[in-house]
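Enquirer: Fold the following for me, if possible:
(chains A, B, C and D)
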2 protein chains.
Amino acid sequence: MSEGVEWALHTCVNLAWVGRPVGSARLAAFYGLPPAYLNKRLQNLVRAGILTSVPGPKGGFALARDPASISLLDVVTAIEGPDPAFRCTGILGDSPWGDKTADHPSTCVIAAAMRRAELAWRRELAGQTIADVCATVERRAPGEPERTRRWFG
Amino acid sequence: MSEGVEWALHTCVNLAWVGRPVGSARLAAFYGLPPAYLNKRLQNLVRAGILTSVPGPKGGFALARDPASISLLDVVTAIEGPDPAFRCTGILGDSPWGDKTADHPSTCVIAAAMRRAELAWRRELAGQTIADVCATVERRAPGEPERTRRWFG
DNA sequence: GCCGCCGTACTCGGATAGCACTTGTCCGAGTTACTATGG
DNA sequence: CCATAGTAACTCGGACAAGTGCTATCCGAGTACGGCGGC
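Expert: Have a look, this model is predicted:
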């Protein structure tokens, strides 16, 4: 899985705490990441409707909606793309008595099993939101949001 | 995910039906796959203890144990490796007040959420065996095992 | 003092190289089955 | 007819290139802020 997923998730949590637009350079400096590349990934989140981008001075990226309505799955799919990890190429159609025209991705038993597993993975990710992560961190380290907000200010 | 996973899974099902060693060239010809590359992947299954390799004429690959004891997860991890898809690089340690020495992969809330999702995925895959796939296919197409066995004979 | 204009500096956004990993290929070591030969 | 030694062919196994996608970088278009001049 792309490493940018980790960066995007942590950045979303930070943005949830700050609450106002922050430039990608400042966001990247927080973790010592390459600013331009983080910017490229945050653009993916903008296209997915997770973030809003504000140009000009005092601009930057901010959450587009409530952290409670942004699931981890939303962020992951925004970075990795909507395609599932396992893709059935329909090699059954190339077998001696295979039917090239059949819809193998839908009928293949193996593809179905892999799809079931991936669905469980997506369901688990969809059940956790950015707000949940924030709440868990705050319970463990109550001063974290204020400290982060101050650093970015 | 690597495309070889699909090839390995289908090949395991075929081997379960045939029941005796089959060369990688013959196995690859069944789906029109590159023989040498399929061989390379089947070697992964041998190292994982899923297949046994028999050299010389009349040799090839065969299942090392009962199909009911080979889960889809076994095959996937044999090809993809044991590392999880999401790897926590511990960027929290690079934050302004981060602790480089802390065990971030274990304590990070985001890493925990991703690990939970991946665990659900693995559990789903571990619950399905090659024998289950074979049984489902046979129920749907009763003549399939015999037809496959005959083609490889 | 207040309003409007301009320049500036900062932001995002997309187009452009470098690198790692998956994919694909090849040839050599080892082993087994077959064959020919001798008893 | 049977045992045996030799040969030959077929197998896996690991070492060697090419293509694709992720990683990283740069520069240009656009916009809001701050300063300046005029009213």
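
Enquirer: can you list the residues that contact the helix or strand of chain A with the lowest mean pLDDT?
Expert: The weakest-scoring helix or strand in chain A, judged by mean pLDDT, DSSP states H and E, is helix A:104-107 (a mean of 92). Identification of contacts with helix A:104-107 by CB atoms under 8 Å, 6 or more residues apart in numbering or on different chains yields A:R87, A:C88, A:G90, A:I91, A:L92, A:G93, A:A111. C-betas here are computed from N, CA, C, even on glycine.

Enquirer: Drop anything exposed from these.
Expert: Using 16 or more other CB atoms under 10 Å in any protein chain shown as the burial test, the contacts of helix A:104-107 include A:C88, A:G90, A:I91, A:L92, A:G93, A:A111 as buried.

Enquirer: so the second one touches A:C108, yeah?
Expert: Yes: between A:G90 and A:C108 a contact is recorded at 7.5 Å, counting by CB atoms under 8 Å.

Enquirer: the strands in chain A, which residues?
Expert: A:51-54, A:60-63 (DSSP state E).

Enquirer: Please identify the most buried of those.
Expert: strand A:60-63 (a mean of 21; mean count of other CB atoms under 10 Å in any protein chain shown).

Enquirer: Report the rounded mean pLDDT for that one.
Expert: Strand A:60-63 carries an average pLDDT of 96.

Enquirer: anything in that strand near DNA strand C?
Expert: Yes: using CB under 7 Å from any atom of the strand, strand A:60-63 reaches DNA strand C at A:G60, A:F61.

Enquirer: wait, does that strand make contact with chain B?
Expert: No: judged by CB under 8 Å from any CB of the partner chain, strand A:60-63 makes no contact with chain B; its nearest approach is 16.0 Å.

Enquirer: show me the contacts for A:N14.
Expert: Neighbouring residues of A:N14 by CB under 8 Å, 6+ apart: A:V22, A:L27, A:F30, A:T148, A:F152.

Enquirer: ok, now how distant is A:H10 from B:C134?
Expert: Between A:H10 and B:C134 the computed distance is 44 Å (CB to CB, to the nearest Å).

Enquirer: just A:D66 next, same as before
Expert: To B:C134, A:D66 is 48 Å away according to CB to CB.

Enquirer: Repeat that for A:T129.
Expert: 40 Å.

Enquirer: Isn't A:T136 up against B:V109?
Expert: Yes: using CB under 8 Å, A:T136 is in contact with B:V109, at 4.9 Å.

Enquirer: ok, those two, which is more surrounded?
Expert: Neighbours were counted for A:T136 and for B:V109 using other CB atoms under 10 Å in any protein chain shown; B:V109 has more, 20 against 15.

Enquirer: can you tell me which residues contact the more buried one?
Expert: By CB under 8 Å, 6+ apart, B:V109 lies in contact with A:V133, A:T136, A:V137, A:R140.

Enquirer: And it, how far from DNA strand C?
Expert: 25 Å (CB to the nearest atom of the strand, to the nearest Å).
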